[in-house]
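Engineer: The following block contains a protein sequence and its predicted model.
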Amino acid sequence: MIVEYIRYRIDRAKAEEFEAAYARAAVPLAAAPQCVDFELSRCVDEPECYILRICWTSAEDHSQGFRSGEHFPAFFAEIKPYVQQIEEMRHYERTPVRGAGSSVPTMYDWAGGTEALENLTKVFYGKVLKDELLIPLFEHMPPDHPTWVAIWLSEVFRGPDRYSQERGGYHHMVRQHLGKAITEAQRRRWATLLMDAADEVGLPADPEFRAAFASYIEWGTRIALANSQPGATPPLEAPMPHWGWGVAPPYVPSK
Ligand code: HEM
């Protein structure tokens, strides 16, 4: 992916016209398969200055694919009158320095932290040990298993990285599922009992949290099942997965 920055200096009297032209140009831009996303911002301190950021799948895709593609003529027709006002138009490579801020709470905090997740797994494994489909897999589990799963979930949901620091991270976890030959019926029961436990211990029940939580559990259980099949050779080293809110961040009423 490559980021293109285009800086404009637009006469204040033309600002409204310029923004309207870009709103129209956004339609063919959004339709172009080479375009990842884009955003036009106006400078608060110097309102004549605008910056357009466009992420392209690659510099070549932009210069060759988009410019000779079917969406370019409609895009260019709208912005052509402003080409003379461009002060900079260049591609930038992204660096690894990036991240999310803390304006949105982590799923870990929203869930209630380690205590809430430990409570969840305690109640959950109580159910597992009474379930005839799951007992064969878990009857010999060590007593601290629920705690370690809670510590894993805490780290996945952006809480403390204790599973990595104290247990061996992804490398340790992935090996626990190898050779277990988990069936689809067992996977589904595992996920269902976890959701029952979430209700029972009062994990936040808002649609946003439960949707994000369930999506991790669906993903994780499917991976556990795949990794557990006879002959499966999953990578034994990989970064710790982290899960966020996805398309629906938590609903916080405005004050
Ligand atoms: C999101 C899904 C899942 C997560 C996050 C998860 C997490 C974990 C973790 C962290 C461990 C190692 C705990 C430790 O460090 O001691 C583990 C072990 C294990 N998991 Fe999972 N797991 C998932 C899905 C499943 C499913 C679907 C099954 C079977 C239906 C399963 C069966 C097991 C078993 C049998 C062990 C070994 C228990 C033992 O030590 O005897 N897991 N899991």
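Structural biologist: Ah, there it is.
Engineer: Can you give me every residue that contacts the residue of the stretch 101-250 of the chain with the smallest separation from the ligand?
Structural biologist: Of all residues in the stretch 101-250 of the chain, residue 220 sits closest to the ligand, at 2.3 Å by C-beta to the nearest ligand atom. For the C-beta atoms, the positions are set from N, CA and C on the backbone; glycine is no exception. Taking C-beta atoms under 8 Å, 6 or more residues apart in numbering, we find residue 220 in contact with 156, 241.
Engineer: Need the three-state assignment for it.
Structural biologist: helix (DSSP: H, G, I helix; E, B strand; the rest coil).
Engineer: Where does residue 227 fall, secondary structure wise?
Structural biologist: helix 207-228 (DSSP states H and E).
Engineer: The ligand contacts on the chain?
Structural biologist: Counting by C-beta under 6 Å from any ligand atom, the residues of the chain lying close to the ligand are 137-138, 140-142, 145, 148-149, 152, 167, 172-173, 176-177, 180, 182, 186-187, 190, 217, 220-221, 224.
Engineer: Quick check, residue 121 in contact with residue 149.
Structural biologist: Yes: counting by C-beta atoms under 8 Å, residue 149 is a contact partner of residue 121 at 4.8 Å.
Engineer: picking up where we left off before, now, of the residues of the chain next to the ligand, which are buried?
Structural biologist: The neighbour count (16 or more other C-beta atoms under 10 Å) marks 137, 148-149, 152, 173, 176-177, 180, 182, 186-187, 190, 217, 220-221, 224 as buried among those.
Engineer: Out of these, which sit inside strands?
Structural biologist: Of those, none are assigned to strands by DSSP state E.
Engineer: Not counting stretch 54-73 itself, show me its contacts.
Structural biologist: By C-beta under 8 Å, 6+ apart, stretch 54-73 touches 1-4, 6, 28-29, 31-38, 91.
Engineer: Quick one: end-to-end distance for that stretch.
Structural biologist: By C-alpha to C-alpha, to the nearest Å, the extent of stretch 54-73 from end to end equals 17 Å.
Engineer: same question, stretch 121-136
Structural biologist: Span of stretch 121-136 from end to end, C-alpha to C-alpha: 18 Å.
Engineer: Over to stretch 100-111?
Structural biologist: 19 Å.
Engineer: Now it: average pLDDT?
Structural biologist: Across stretch 100-111, the average pLDDT comes to 93.
Engineer: now swap in stretch 144-152 and tell me
Structural biologist: What stretch 144-152 shows for mean pLDDT is 98.
Engineer: what's the answer for stretch 77-91, then?
Structural biologist: 98.
Engineer: ranges for the strands of the chain?
Structural biologist: 2-9, 35-42, 49-56, 86-93.
Engineer: Name the residues that touch the first one?
Structural biologist: Put plainly, it is strand 2-9. Under C-beta under 8 Å, 6+ apart, the answer for strand 2-9 is 18, 48-59, 62, 82, 85-94.
Engineer: Residue 113 is in contact with residue 158, isn't it?
Structural biologist: No: look at residue 113 against residue 158 with C-beta under 8 Å: they stay out of range, at 11.2 Å.
Engineer: Overlap of the contact sets of these two?
Structural biologist: Counting by C-beta under 8 Å, 6+ apart, residue 113 and residue 158 have no shared contacts at all.
Engineer: Specify the residue ranges that define each domain of this structure.
Structural biologist: 2-93, 107-228 (automatic domain parsing).
Engineer: Pick the most buried one from the ones you listed.
Structural biologist: Highest mean neighbour count among the domains of the chain (mean count of other C-beta atoms under 10 Å): domain 107-228, with a mean of 17.
Engineer: Give me the distance from that one to the chain's centre.
Structural biologist: 19 Å (C-alpha atoms, centre = their mean, to the nearest Å).
Engineer: hey, where'd the helices end up in the stretch 101-250 of the chain?
Structural biologist: In the stretch 101-250 of the chain, the helices defined using DSSP state H, counting those that start in this stretch lie at 107-111, 113-128, 135-138, 145-156, 162, 169-177, 184-201, 207-228.
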